[in-house]
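K.L.:
What follows is a predicted protein model with its sequence.
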Amino acid sequence: MGPGLRQADLPWDDGAMTGEIGELNPPPRLLMGPGPITCDPRVLRALSTQLLGQFDPAFTAYMNEVMGLYRRLYQTENRWTFLVDGTARAGIEAILVSLISPGDRVLVPIFGRFGHLLCEIAQRCGGAISSIEAEWGTVFAPDQIEAAIRQHRPRALAICQGDTSTTMAQPLDEIGAICRRHDVILYVDATATLGGMDLPVDRWQIDAVSAGLQKCLSGPPGSSPITFNQRVIDIVNARKHVEAGIRPAGYVAGNGVPIQSNYFDLAMLMDYWGESRLNHHTEAASMLYAARECARIVLAEGLDACFARHRLASQALTGGLTAMGLTLFGDQAHKMPNVTGVLIPGGVDGETVRRLMLEDFGIEIGSSFGPLKGRIWRIGTMGYVCRKENVLHCLGALEATLRQCGLRAPPGAGVDAALAVYRTAAVSAPGSPPANAPATDRTPA
Ligand SMILES: Cc1ncc(COP(=O)(O)O)c(C=O)c1O
C-alpha cells in the first residue's frame with residue numbers, strides 16, 4: 001500500500017493494494033456445468049511448458065503439428081486449420097468478420113442463446129441479418145432451413161451444432177448439401193461439440209467451423225481451433241489487405257472491402273500460419289501447447305471411442321435423473337450428448353441447489369439463460385469430466401442436496417439407474433476399452 005493510502009480510499013479494491021495476496025490455491029472443484037470443465041492434468045502440464053520464440057523452428061514445427069491434429073479432429077483436409085487466440089467467440093468473430101462484407105445477407109437459424117450471439121456478431125460485421133427461430137428445446141428440420149434460404153437468399157448461413165443454453169444439437173448432415181445447392185457459405189459454431197459429437201467437416205460440406213477448448217477438449221478457455229475451405233479462402237483473399245510495415249515485396253491488395261478487424265483478419269492469419277510466416281500477432285504459445293495436448297489426447301482415445309463415451313454418460317445421467325423423478329428438458333431425440341438439461345422441480349430454488357452442490361460436494365452445475373433462467377439446470381459430462389464416477393458422484397450429490405431442500409427422490413434410485421446403464425454397456429461390449437473413463441494415452445511418442 002502506498003504511503004498514506006487506506007482501504008477506505010479504494011472501496012473497489014479487494015485487498016490487492018491494501019493487503020497481502022496469498023499464493024493461488026483454488027478450492028478443489030468438479031466442474032460439471034456447460035463449460036468450462038475440469039481441465040485434463042496433461043493439458044495443465046502442457047500449459048507450464050517453457051516458451052519458445054514464435055519463429056523458432058521448434059515452435060513453428062509445433063504450429064504445423066497443431067494444424068495436422070485439428071485436421072484430424074475436424075475430419076478435414078482443409079489446409080487452413082489453425083488456432084485463433086482468444087476464447088471460442090474469437091474463432092467465431094474471425095470467421096464471420098473475414099467472411100461477411102458490409103451488406104452481405106446472413107441467415108441465422110436460432111435455437112438458443114448462441115444463435116442470438118451469431119446474429120449479434122454477424123450484425124456487427126455489417127451483415128444484413130435474417131433469422132428463423134425454433135422454440136428453445138427444439139431444433140430445425142432441414143426443409144425449414146432450405147425454405148428460409150429460398151426466402152432470404154443469404155450469402156452465408158451461420159448455425160450452432162450444439163447450443164449449450166438449451167442442450168440441443170442441430171443435425172447438420174443435410175445442411176451442407178442444401179447450402180451448396182443454393183450457393184450459400186455454411187459456417188458452424190462447434191464450440192460445445194468438437195470432440196464430443198461427430199463433425200465430419202468435409203463429408204458434410206461445411207465451409208467453415210470454429211470451436212473452443214474448454215468443453216469436450218478438456219482444456220482451458222483461450223484458444224479457438226478453426227478450419228475453412230477453398231470457398232472461404234476465395235472470399236477472404238479477395239479482401240486481403242496486409243498492414244503497412246510488414247508488406248512483402250510484390251504485394252498486391254485484394255479488390256474487396258478490407259476486413260474490418262486486424263486481429264481477426266484470416267487473410268493475414270493464413271500468412272502467419274503458412275510458409276511465409278509473415279509476422280502478425282505474437283502467438284499465445286502456452287495456449288498452443290494446451291491446444292496441441294487437447295487434440296492429441298482425443299485422438300489417442302480415438303474419435304469414435306470419445307463420441308461413444310459421451311453418449312454413454314448421457315444415457316447414464318439421463319437414466320439416473322429420470323429414476324430420481326426429475327424431468328429432462330427439451331426434445332430428447334436431439335439432445336447434446338455432453339450436456340443435459342433438467343427441469344428444476346416446482347418449489348425448489350435452483351440457485352440454492354447449485355450453491356449447496358458447490359459448498360457441500362465441490363460440484364459445479366450450471367443454470368441457463370433467457371427463457372430458461374431459473375427453469376433448468378445444465379449438467380455437463382464432457383471431455384475429462386465425462387467419466388462414470390463423476391456421473392455417479394453428481395447424481396448422489398444431487399439427491400442429497402434435493403433432500404436438504406425438502407424434495408425426497410427415491411433413495412439411491414439415481415445412482416442405481418446410472419450404474420445399471422454402465423454395467424449393461426460393459427456386458428454388451430466385453431473386451432472394449434472401459435466405458436467409465438477416457439482411454440489411457442496410446443499415442444506413440
Ligand atoms: C455454442 C457456444 N458458442 C459460443 C460460446 C462462446 O464461447 P466463449 O465463452 O469461449 O467465447 C459458447 C460458450 O459457452 C457456446 O457454448
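P.N.:
Happy to help now that I have it. Numbers count the residues shown, from 1 in each chain.
K.L.:
now Pro34: how far from the ligand?
P.N.:
Distance, Pro34 to the ligand, using CB to the nearest ligand atom, to the nearest Å: 6 Å. Yep, even glycine has a C-beta here, placed from its N, CA and C like the rest.
K.L.:
Surely Ile149 is in contact with Arg180?
P.N.:
No. Ile149 is beyond contact range of Arg180, at 11.0 Å (criterion: CB atoms under 8 Å).
K.L.:
Pull the residues that contact stretch 394-410.
P.N.:
The list of residues contacting stretch 394-410 from outside it, by CB atoms under 8 Å, 6 or more residues apart in numbering, reads 30, 32, 317, 320-321, 323-326, 345, 347-349, 352-353, 356-357, 360-361, 363, 365, 379, 411-415, 418.
K.L.:
Relative to Val232, how far out is Val252?
P.N.:
20 Å (CB to CB, to the nearest Å).
K.L.:
Of the two, give the one with the bigger neighbour count.
P.N.:
Val232 (23 against 8; other CB atoms under 10 Å).
K.L.:
which residues touch the more buried one?
P.N.:
Trp80, Ile95, Ser98, Leu99, Ile185, Asp207, Ala208, Leu266.
K.L.:
Surely the second one touches Ser210?
P.N.:
Read it as Ile95. Yes. In this structure, Ile95 is within contact of Ser210 by CB under 8 Å, at 5.7 Å.
K.L.:
Check which element follows the longest helix belonging to the chain along the chain.
P.N.:
Longest helix of the chain, by residue count under DSSP state H: helix 303-323. Using DSSP states H and E, the helix or strand that follows helix 303-323 in sequence is strand 339-343.
K.L.:
Show me what secondary structure element comes after that following strand.
P.N.:
helix 350-361.
K.L.:
So for the longest helix of the chain, what gets flagged as buried?
P.N.:
303, 306-321, 323 (16 or more other CB atoms under 10 Å).
K.L.:
before we move on, what about stretch 55-66?
P.N.:
Phe59, Thr60, Tyr62, Met63, Val66.
K.L.:
Run through the neighbouring helices and strands of the helix or strand harbouring the first one.
P.N.:
So the one you mean is Phe59. Using DSSP H and E, Phe59 maps to helix 57-74. With contacts taken as 3 or more CB pairs under 8 Å, 6 or more residues apart in numbering; DSSP states H and E, helix 57-74 sits against strand 80-85, strand 223-228, helix 285-301.
K.L.:
strands paired with the first one, and their directions?
P.N.:
It refers to strand 80-85. strand 223-228 (antiparallel) (DSSP bridges).
K.L.:
Indicate whether the strand it pairs with makes contact with the ligand.
P.N.:
No. Applying CB under 6 Å from any ligand atom, one finds strand 223-228 separated from the ligand by no less than 7.4 Å.
K.L.:
Flag every buried residue along the helix or strand following that strand.
P.N.:
Per DSSP H and E, the first helix or strand lying C-terminal to strand 223-228 is helix 230-237. Within helix 230-237, the residues that count as buried by 16+ other CB under 10 Å are Arg231, Val232, Ile233, Ile235, Val236.
K.L.:
Output those residues in CSV; the columns should cover distance to the ligand and pLDDT.
P.N.:
Converted to CSV, the buried residues of helix 230-237 look like this (distance: CB to the nearest ligand atom, whole Å; pLDDT from 0 to 100):
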residue, distance to the ligand, pLDDT
Arg231, 22, 98
Val232, 19, 98
Ile233, 24, 98
Ile235, 22, 98
Val236, 21, 98
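K.L.:
Thanks a lot, catch you later.
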